[in-house]
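>>> Predicted model and sequence below, questions to follow.
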Amino acid sequence: MLLGLSTGHSVGLALVAGAFVVFALLSALVIPRRWPQFPGERGLGWFVVVTLVLFVGTLSAVEVFAKEGKEEAAQGETSPEPPATTTSSTEPATAPKGDPAAGKQLFSAQGCNGCHTFAAAGATGTIGPDLDKVLKGKDAGFVHESIVDPNKEIAPGYQPNIMPGNFGQSLSPAQIDDLVAFLLQKGS
């Protein structure tokens, strides 16, 4: 949890928890060596009060500082991305701008045919979705996004992180355009 917090929240939580830990170590190891009767009858009430204040303070700090992650998660849930647009087969929203022939070679070279079924490529993979089905009615923007950010929208029946998420970095923009053109030329 500490790694998910902002620097300010991590520092605040560490300071409050650190104060409690230092108090606990001092009162358990250091002070009894100097004063064996610690906390004694006179100091017992103060000792209990300080212990409870630090304990409640630490729990409160966790609640206060950990809210950051909950608020960000809630913001993500309340404003989801709009669903990808689908188009009719007669009027594509975004026309592919790449070379379908180069895209076909790239489909094979990148190993897409090992995971996907796609008739135009002669591919019969079953690890990923059947592209002949899932690409029907989809536009170039959707296909492009599915290549560079495959976990943004997961096909029903499949788990996230199956398709490599690095194609946006390992392929040039022109190669991605070629792949999109190939997938839409034969996949619509």
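Good, I have the coordinates.

>>> C-alpha only now, for contacts and for neighbours.
Fine.

>>> Does the spatially most central residue of the chain belong to a helix, a strand or coil?
Nearest to the mean C-alpha position of the chain, counting by Cα atoms, centre = their mean, stands Asn151 at 9.0 Å. Here Asn151 is coil, with the state taken from DSSP: H, G, I helix; E, B strand; the rest coil.

>>> how much space is there between it and Ser10?
For Asn151, the distance to Ser10 equals 29 Å [Cα to Cα, to the nearest Å].

>>> Same question for Thr117.
For Thr117, the distance to Ser10 - Cα to Cα - is 47 Å.

>>> Mind checking which of these two has more residues around it?
Thr117 (21 against 17; other Cα atoms under 10 Å).

>>> So, low pLDDT: which residues of this protein?
By pLDDT under 70, the low-scoring segments of the chain are 1-8, 66-95, 186-188.

>>> What segments of this structure are helices?
Remark: helices assigned in the chain by DSSP state H are 7-25, 31-34, 40-78, 100-109, 131-134, 140-148, 167-170, 173-187.

>>> Any idea how many residues pack against Pro129?
Pro129, neighbours per other Cα under 10 Å, totals 19.

>>> what's the burial count for the nearest residue to it once chain neighbours are set aside?
Distances taken as Cα to Cα, 6 or more residues apart in numbering place His116 nearest to Pro129, at 5.8 Å, with adjacent residues excluded. Counted with other Cα under 10 Å, residues neighbouring His116 total 21.

>>> re earlier: how close does the spatially closest residue to the residue nearest to the centre of the chain that is not a sequence neighbour sit to Ser146?
Excluding the flanking residues, the one nearest Asn151 by Cα to Cα, 6+ apart is Pro160, at 5.5 Å. Per Cα to Cα, Pro160 is found 12 Å from Ser146.

>>> These two: which has the busier surroundings?
Ser146 (18 against 12).

>>> got the contact list for the more buried one?
Lys152, Glu153 (Cα atoms under 8 Å, 6 or more residues apart in numbering).

>>> 7 Å instead, please
Residues in contact with Ser146 (Cα atoms under 7 Å, 6 or more residues apart in numbering): none are found.
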